[in-house]
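Participant: Quick one: sequence and predicted model below, then my questions.
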Amino acid sequence: MYANIMIAIDGSQESLQAVHQALSLVGRGLRAEIALVNVQEPASLLQLATQDSDAIAAAAVEAGEHLMAEGAALLDAAGVGYSMEVVLGEPATVLVDMAEEIDADLVLLGARGMGAIESVLVGSVSKAVISRCTRPVLVVKLPEDPAQAVLGDEPDTEEVES
């Protein structure tokens, strides 16, 4: 059914809930390769003009790895293997491209991310991924009871088949 699962991780509680959803699937016997993907916004022209581009890229990768650390820890604790990828670009476009590139059978992402624009335009990245991605997309919301998010109980989800 789902052999390759891609999880978009931005450090938000919603993206961590997507990891819990993947763990729930694995707990039910699903055997899948899991890829954690973090998208970092590219450097501005001012940053590129005033700073070393290698240092900027290294900082972006470090930031992405930091944001994925909690999700990776959840997978480690469950004994589930995974890969991690930090990519630069516009989040929705990169996630759609990555889903194709890694041949994802399922894309998991939080209903709302942590970016400044995304917090104003609730779910703009998830909506864009749903509309553009040719792969099945599962949008994960936080449960109404915050204790469930901490405990990793069943999250609220919306599945959208493309």
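Facilitator: All right, it came through fine. Numbers count the residues shown, from 1 in each chain.

Participant: Now do the longest helix anywhere in the chain: which elements does it pack against?
Facilitator: Longest helix of the chain, by residue count under DSSP state H: helix 53-78. Judged by 3 or more C-beta pairs under 8 Å, 6 or more residues apart in numbering; DSSP states H and E, helix 53-78 is in contact with helix 13-27, strand 33-40, strand 83-88. No exception for glycine: its C-beta is placed from N, CA and C like everyone else's.

Participant: which one of the ones you listed is the most hemmed in?
Facilitator: Highest mean neighbour count among the helices and strands packed on helix 53-78 (mean count of other C-beta atoms under 10 Å): strand 33-40, with a mean of 23.

Participant: the inter-axis angle of that strand versus helix 53-78?
Facilitator: Calculated by axes from the mean of the first three to the mean of the last three C-alpha atoms, to 10 degrees, strand 33-40 forms an angle of 140 degrees with helix 53-78.

Participant: I'd like to know which elements strand 33-40 is packed against.
Facilitator: strand 4-8, helix 53-78, strand 83-88, helix 91-101.

Participant: hang on, the earlier thing: of all the helices and strands packed on helix 53-78, which one comes closest to residue 74?
Facilitator: The closest of these to residue 74 is helix 13-27. By C-beta to C-beta, the value is 5.0 Å.

Participant: on that earlier part again, now the longest helix of the chain and strand 83-88, what's the angle there?
Facilitator: Using the same axes, to 10 degrees: helix 53-78 against strand 83-88 is 150 degrees.

Participant: what's the offset of helix 53-78 from the middle of its chain?
Facilitator: Put simply, helix 53-78 sits 12 Å off its chain's centre (C-alpha atoms, centre = their mean, to the nearest Å).

Participant: Buried residues of it, list them for me.
Facilitator: 56, 60, 61, 64, 67, 68, 71, 74, 75 (16 or more other C-beta atoms under 10 Å).

Participant: just those now: which is nearest residue 139?
Facilitator: Of all the buried residues of helix 53-78, residue 71 has the smallest distance to residue 139: 16.3 Å, by C-beta to C-beta.
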